[in-house]
Structures are given as C-alpha cells and as structure tokens.
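**Q** Have a look at this prediction, sequence included:
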Amino acid sequence: MDIKYLFKPNKEIAFGLSILFFLMIPGIGFVDYLTGPAITFGLIYLMPVSAIAWLNTRPAIVLASILTAATWISVDYLSGRFSLNIIAYTWNFFSRFVLLLIVASLLSILKQELLKTQELSRRDPLTNALNYRGLRDVAEREIYRSSRSGQALTIAFLDVDNFKNINDTLGHSTGDVVLETIVESIYLNIRKSDVVARIGGDEFVILLPNTGQAAAKMAVNKIHKILLDIAANRNWSVTFSIGVMTCIKTPPTLEVMIGLADKLLYSVKTSSKNNVAFSVYPDDY
C-alpha cells in the first residue's frame with residue numbers, strides 16, 4: 001500500500017476502521033474490569049481514540065473521547081476501585097475526557113500538517129502545478145482506471161518556444177510570471193479531473209483522463225490559442241509547441257506515455273515550432 005493512504009485512506013476504509021475502533025472502546029473497558037486495579041489501562045484507552053482522531057473529523061473525536069471517558073469511569077465505579085462521591089467521579093470523568101480530547105486533537109492537527117507537507121512535496125513551488133512526483137501519483141491512478149474501464153487517456157507535452165529569450169531580455173522575474181500565467185491559464189480551461197504538471201524549466205504535461213482524440217484536439221487547440229493570445233497581448237516573444245498522445249490502449253507507465261508525447265513534441269520543435277501534433281497509441285487503431 002502506498003504510504004499516502006496511511007494519511008488519507010478512502011472513505012469506505014476509514015468508515016469501516018472507525019466503527020471497529022469505536023467497538024474497541026467498550027471491549028477495552030470489559031478487559032479493564034476483568035483484570036482489576038493491578039494493571040492500569042490509561043495508555044490502552046488512548047489507542048482507539050488516537051486511531052479515530054487519525055481517521056475522522058472533530059465530531060467523531062469528541063464522541064470517541066466522551067465514550068472512552070465514560071467507559072473508563074464506569075469501570076472504576078462498577079469494580080468499586082475507589083470510594084468516591086459523585087463530585088469526585090464527575091471530576092475524574094471530565095479530566096479524563098479533556099485529556100483524551102487534547103491528545104486526539106493534537107494527533108489530528110499533526111495529521112493535517114503532515115498532509116500539507118505531503119501536498120507541498122507534490123507541487124512546483126513557483127507555479128503550484130504538480131511536480132513530477134505529484135504527476136506520477138495521479139498518473140498511476142488514472143492508468144489503472146483507464147485499463148479497467150477501457151476509456152481513453154490523453155497526455156499533452158507542452159514546451160515554451162524561445163523561453164530563454166524572455167529570461168535574457170526581460171529578466172527572470174518576467175520569466176517566472178510567464179510560467180505562472182501558463183499554468184493559471186491552462187487550469188482555467190480544463191476540467192477538474194484534468195491535471196497540469198511542470199516537469200522541467202519550461203516543460204509542462206497536461207493529463208486528460210477519459211479523453212479521446214476528438215475531445216483532446218478541441219481542448220488542446222483551445223489552450224494553444226489562449227496561450228498565444230496572452231503572449232501576444234503581453235508582448236512576450238514566445239510560442240508553444242505541444243505533442244498530444246491519446247492512448248486507446250493504456251501504456252504501462254507514465255514514463256512510456258511521456259516518451260510517446262515527447263516524440264510528437266520533438267517533431268513539432270524540429271519543424272515549424274508553434275504547433276500541435278496529435279497521434280493515437282497504439283498506432284494500429
């Protein structure tokens with residue numbers, strides 16, 4: 001299992017595990033009752049609450065903390081471990097609830113920070129597009145989905161022509177704006193299911209799930225025109241070469257898909273530049 005699923009499992013798995021951990025709470029209380037006061041179960045009571053905190057949002061965390069504190073104090077009462085009045089039992093329940101809630105909340109915060117760090121590691125810091133690592137995560141999922149469903153999967157490899165001239169004549173800050181604008185413009189003109197990745201200095205990949213060649217031509221030609229219009233309006237002396245491969249039979253890896261699109265891109269770069277080349281894999285379809 002990919003380590004990312006430890007941070008964010010799918011909803012069905014998270015729900016099933018949550019039910020299991022909730023059921024563990026009275027089970028732990030029963031074992032605590034049977035063993036008597038010789039063995040303390042404080043750390044064990046924390047375990048299901050911590051697991052629920054890892055998997056769920058605040059309402060579930062609060063509920064788990066209440067149930068655990070109530071189970072814990074009920075075991076003390078039923079086993080007659082302490083001769084305390086109602087005020088003392090109420091205080092012990094409240095203090096245990098607060099302790100459990102604090103630990104669970106801290107663990108939940110830790111998880112969110114880890115998720116943020118993980119997401120940042122998948123993003124290009126300049127453009128906020130996916131980096132190669134992030135693209136691979138998405139592509140592996142889409143390749144698997146495409147192979148199961150039989151739906152076409154399209155990949156577009158975009159290169160900015162003459163980008164070095166921007167850095168040389170207008171400065172790197174303008175070059176950064178060009179790259180940011182490219183990603184922003186692409187995202188505004190694709191579906192939520194599509195992704196953009198920056199895999200080189202001025203090289204980008206657009207992954208279009210469930211997209212045949214006809215739809216790919218419409219989408220990528222539209223993006224090409226929009227980018228050219230923006231460059232012309234801002235007096236940026238760049239154009240855009242794009243290789244677009246629609247995979248009817250899904251290749252086994254992202255590297256193979258990029259290699260196929262890169263060949264198309266190379267054919268554009270070595271001819272006229274500023275064009276879009278389309279093809280289908282495998283070519284016998």
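**A** Noted; the coordinates are in hand.

**Q** Please name the nearest non-neighbouring residue to Tyr77.
**A** Tyr89 (6.5 Å; CB to CB, 6 or more residues apart in numbering). Using the backbone N, CA and C atoms, a C-beta is placed for each residue, glycine as well.

**Q** no no, Pro26
**A** The shortest distance from Pro26 to any non-neighbouring residue, by CB to CB, 6+ apart, is to Thr71 (5.8 Å).

**Q** Please list all residues in contact with the one you found.
**A** 25-26, 28-29, 45 (CB atoms under 8 Å, 6 or more residues apart in numbering).

**Q** Quick check: phi and psi on it?
**A** With angles defined as degrees, to the nearest 10, Thr71 sits at phi -60, psi -40.

**Q** which residues in the stretch 101-250 of the chain form strands?
**A** 153-161, 195-198, 203-209, 239-247 (DSSP state E, counting those that start in this stretch).

**Q** how far is the longest helix along the chain from where the chain is centred?
**A** If you go by DSSP state H, the chain has its longest helix at helix 86-120. Put simply, helix 86-120 sits 25 Å off its chain's centre (CA atoms, centre = their mean, to the nearest Å).

**Q** Just the buried positions in it, please.
**A** Across helix 86-120, burial judged by 16 or more other CB atoms under 10 Å covers 92-93, 96-97, 99-101, 103-104, 107-108, 111.

**Q** so what's Leu208 bridging to?
**A** Partner residues in beta bridges with Leu208, using DSSP bridges, are Thr154.

**Q** measure it to Ala261 for me?
**A** The gap separating Leu208 from Ala261 is 11 Å, by CB to CB, to the nearest Å.

**Q** same thing with Asn233?
**A** 28 Å.

**Q** what do you get for Ser185?
**A** 20 Å.

**Q** What ranges in the stretch 51-200 of the chain fall below the confidence cut-off?
**A** 83 (pLDDT under 70).

**Q** related to what we said a few turns ago, possible to save the strands of the stretch 101-250 of the chain as a markdown table with mean neighbour count and distance to Arg141?
**A** A markdown table is the format used below for those (neighbours: other CB atoms under 10 Å; distance: least, CB to CB, whole Å):
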| stretch | mean neighbour count | distance to Arg141 |
| --- | --- | --- |
| strand 153-161 | 25 | 11 |
| strand 195-198 | 24 | 10 |
| strand 203-209 | 22 | 9 |
| strand 239-247 | 25 | 15 |
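
**Q** Let's have those in JSON lines, adding distance to Leu20.
**A** Shown next, in JSON lines, are those (distance: least, CB to CB, whole Å):
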{"stretch": "strand 153-161", "distance to Leu20": "36"}
{"stretch": "strand 195-198", "distance to Leu20": "34"}
{"stretch": "strand 203-209", "distance to Leu20": "33"}
{"stretch": "strand 239-247", "distance to Leu20": "40"}
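
**Q** closest one to Leu170 among the ones you listed?
**A** strand 153-161 (13.4 Å; CB to CB).

**Q** can you give me the angle the closest one makes with strand 239-247?
**A** Going by axes from the mean of the first three to the mean of the last three CA atoms, to 10 degrees, strand 153-161 is angled at 160 degrees with respect to strand 239-247.
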